[in-house]
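In: Dropping the sequence and predicted coords here.
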Amino acid sequence: MPFSPLAFFRTGPDQPQRPLDPPELRKVYESIRLRAFLAITIGYGFFYICRLSFSVAKKPMLDAGVLDAKQMGQIGSALLFAYAFGRFTNGFLADRSNIKRFMTLGLVVSAVLNLGFGLTSSFLLFVVLWGFNGWFQSMGSAPSAVVLSQWFSNRERGTRYGIWSLCNNIGEGLTFIGTTALISWLGWRWGFFGPGMICLLVAVIMYRSLADRPETYGLPPVAEYKHDLVEQRSAEVPVGTLQREVLFSGAIWVLGLSSALMYVARYAVNNWAVLYLQEAKGYSLTAAGSIVGVNTIVGMAGVVFSGWFSDRCFGSRRNLPCFLYALLEVAALVLFYLTPPGEPWLDTLAMGMFGFAIGGLMVYLGGLMAIDVSSKRATGAAMGVIGIFSYLGAAVQDWISGSLIQASKTMVDGVASYRFDQAFIFWISASIVSMLLPLTIWNVRHRD
């Protein structure tokens, strides 16, 4: 029988349930889902170091004359546009896929593309390679959310999603501290070689730890295992119908637009904050990377606290806590912009505030609120729709920010310098609108 890629990546058939007594069932179930949970949390964290490597290599590449700021914005946009459409497409595919194979392939190819990026100096090749990297990077988030829906029940969702969201901070922290150090020691090309080699190793470990659906192992669905509410309607409705409901949901579109504008600020800091600190405030690459790295470390607290905060203090309603987190994000950006040079503690405070805020917003707007109002059998679709909005926002940000920063370029004694005033106005304005949008869907209810 000829090899079929679609059949290879498709989720396996349900197996007859294994005759296990309750203690044996618990032992098997908990073992598999613990491994799978650790794999998506740590594994998706390493996706990030192959996505953000370009962000911390910008200053050395500018200084070497390899690229200018506008070209960097275009390269960043190539990744983000591809990632946006990939998140949408791969989100729908993930609902029907064997995540063990599907997600691992994404990390392997992304790692190889990073190695290729470090070998070239051609702008055109940079755009092509980074665009492909964006597509394969998109094979991480929605599959992770599908694993959470397949192996963890409704009552566990908020806590587990919050912990899983630490993967963003893991990857960003490793990038802003580890990759910047590697570039400082060995040059900008090693900002791509290092992540590429490490992620190939992580992909092998991830493949050995991930799992397909419980039913493919002869185990009961997680709702049955945890004695949680079973979706009677969803169990009878085809996956395609549930996915179409997600696609045309007004609440999902509002959340998607809000997430898109939040991603403007998130990727503005990820992609330009290191350069901003070097150009506008005179920090070294290592110092700038360390300050921006604080945003990812403190962000872990924001991630973990967000689920508990909304569940315990607001009865699992996310709108108001989301507003409070967004208000803190706006305040952090204003402080970061207004802090004068020579005030590293204020810059660090601003990045800490921003990280805490973005950590929570990544949980709420980045997926949890959309999953709450969608069928669990269409989790991948919900993540896909949010993803395409989010990363189109990030892509537009990179293009606009790069153009605004390049337009501010001045030459003094043959040395180029850049201003960030117009870019900050853009970033802060987007954050304010993002803060207000979720308040318009206050009365939308959760689905089981």
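Out: Now that the structure is in, tell me what you want to look at.

In: Would you tell me what helix or strand the closest residue to residue 351 other than its chain neighbours is located in?
Out: Once flanking residues are discounted, residue 351 sits nearest to residue 295: 4.1 Å by C-beta to C-beta, 6 or more residues apart in numbering. C-beta here means a position set from N, CA and C on the backbone, and glycine is covered the same way. Per DSSP states H and E: residue 295 is located in helix 285-314.

In: buried residues in that helix?
Out: By 16 or more other C-beta atoms under 10 Å, the buried positions in helix 285-314 come out as 285, 287-307, 309-311.

In: any low-confidence regions in this protein?
Out: The chain contains residues with pLDDT under 70 at 1-6, 154, 228-236, 315-316, 443-448.

In: Find the nearest non-adjacent residue to the residue most central in space within it, please.
Out: Ranked by distance to the mean C-alpha position of the chain (C-alpha atoms, centre = their mean), the top residue is residue 168 at 5.8 Å. Sequence neighbours aside, residue 362 is the residue nearest to residue 168 in space, at 5.8 Å (criterion: C-beta to C-beta, 6+ apart).

In: Would you mind measuring from the one you found to residue 16?
Out: 40 Å (C-beta to C-beta, to the nearest Å).

In: quick one: residue 401 and residue 269 touch, right?
Out: No - counting by C-beta atoms under 8 Å, residue 401 does not reach residue 269; the two are 10.7 Å apart.

In: what about the helices in the stretch 1-150 of the chain?
Out: Assigned by DSSP state H, counting those that start in this stretch, the stretch 1-150 of the chain shows helices spanning 5-9, 22-51, 53-56, 58-63, 69-94, 99-117, 123-137, 141-151.

In: related to what we said a few turns ago, ok, the residue nearest to the centre of the chain touching residue 361?
Out: No - the pair residue 168 and residue 361 does not pass the contact test of C-beta under 8 Å, sitting 10.8 Å apart.

In: hey, which helix is longest across this structure?
Out: Secondary structure of the chain per DSSP state H: the longest helix is helix 250-281.

In: who are the neighbours of that helix, in terms of helices and strands?
Out: helix 53-56, helix 58-63, helix 285-314, helix 319-338, helix 344-363, helix 369-372, helix 379-407, helix 421-436 (3 or more C-beta pairs under 8 Å, 6 or more residues apart in numbering; DSSP states H and E).

In: Report the inter-axis angle for that helix versus helix 69-94.
Out: Using axes from the mean of the first three to the mean of the last three C-alpha atoms, to 10 degrees, the inter-axis angle of helix 250-281 relative to helix 69-94 is 150 degrees.

In: Spit out the contact partners of the closest residue in space to residue 391 that isn't next to it in sequence.
Out: Closest residue to residue 391 apart from its sequence neighbours, by C-beta to C-beta, 6+ apart: residue 84 at 3.5 Å. Residue 84 makes contacts with 134, 138, 387, 388, 389, 390, 391, 392, 394, 395, as judged by C-beta atoms under 8 Å, 6 or more residues apart in numbering.

In: And for residue 162?
Out: For residue 162, the contact set (C-beta under 8 Å, 6+ apart) comprises 303, 304, 306, 307, 308, 363, 368.

In: about what we covered before: and the residue nearest to residue 351, how far is that from residue 318?
Out: 22 Å.

In: what does residue 329 give?
Out: 15 Å.

In: Check residue 345 too.
Out: Going from residue 345 to residue 318 by C-beta to C-beta gives 33 Å.

In: got the phi/psi numbers for the residue of the chain positioned farthest from its centre?
Out: Distance from the C-alpha centroid of the chain peaks at residue 413, with 41.0 Å (C-alpha atoms, centre = their mean). Backbone torsions of residue 413, given as degrees, to the nearest 10, read phi 50, psi 40.
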